[in-house]
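> what follows is a predicted structure for the sequence shown.
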Amino acid sequence: MASFTKAILSGSTDGTGISVHSATAGGVITIHTGNSTTTTIEEVWLTAYNGTSQAHLITLEWGASATKDTIKKEVAPFDLAPIVDGLPLQGNATPLVISAYCSTTDAFSVFGHINRIDQS
């Protein structure tokens with residue numbers, strides 16, 4: 001029978017926001033590292049807060065390949081916007097990684113959780 005667990009993102013400390021920087025200023029930040037068990041699916045929920053007075057672009061690198069698996073979203077000033085609503089991440093012997101960067105330094109905090117579904 002499948003089990004279901006809600007958990008914080010692996011890149012977060014106690015569920016707090018993860019600071020995202022520009023790729024040149026702070027590098028690409030790990031938001032979450034997926035599970036290594038192939039019978040586990042993680043449903044990912046992410047929200048970004050733009051703490052500046054201008055709209056900025058946040059980019060997520062989803063999984064193993066930054067070239068084909070990117071999600072981009074422009075977020076309005078001082079706005080909290082959903083950027084991922086329940087997309088699945090399948091467990092893999094080499095865990096998949098979700099990482100992020102933005103178009104300016106110190107613009108974003110990313111909040112979220114995963115719903116871990118173990119099918120074994």
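Ah, there it is. Numbering: from 1, shown residues only.

> for His21, which non-adjacent residue is closest in space?
Thr105 (5.6 Å; CB to CB, 6 or more residues apart in numbering). C-beta coordinates here come from the backbone N, C-alpha and C atoms, glycine included.

> how many residues are close by the one you found?
Thr105: 12 surrounding residues under other CB atoms under 10 Å.

> quick one, strands of the chain?
In the chain, the strands defined using DSSP state E lie at 3-8, 18-20, 29-33, 40-50, 56-62, 70-75, 79-90, 97-102, 108-118.

> in this protein, where is pLDDT below threshold?
Applying pLDDT under 70 to the chain flags the ranges 25-26, 64-67.

> tabulate the strands of the chain (CSV), appending mean neighbour count.
Shown next, in CSV, are these (neighbours: other CB atoms under 10 Å):
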stretch, mean neighbour count
strand 3-8, 12
strand 18-20, 21
strand 29-33, 20
strand 40-50, 21
strand 56-62, 20
strand 70-75, 15
strand 79-90, 15
strand 97-102, 23
strand 108-118, 20
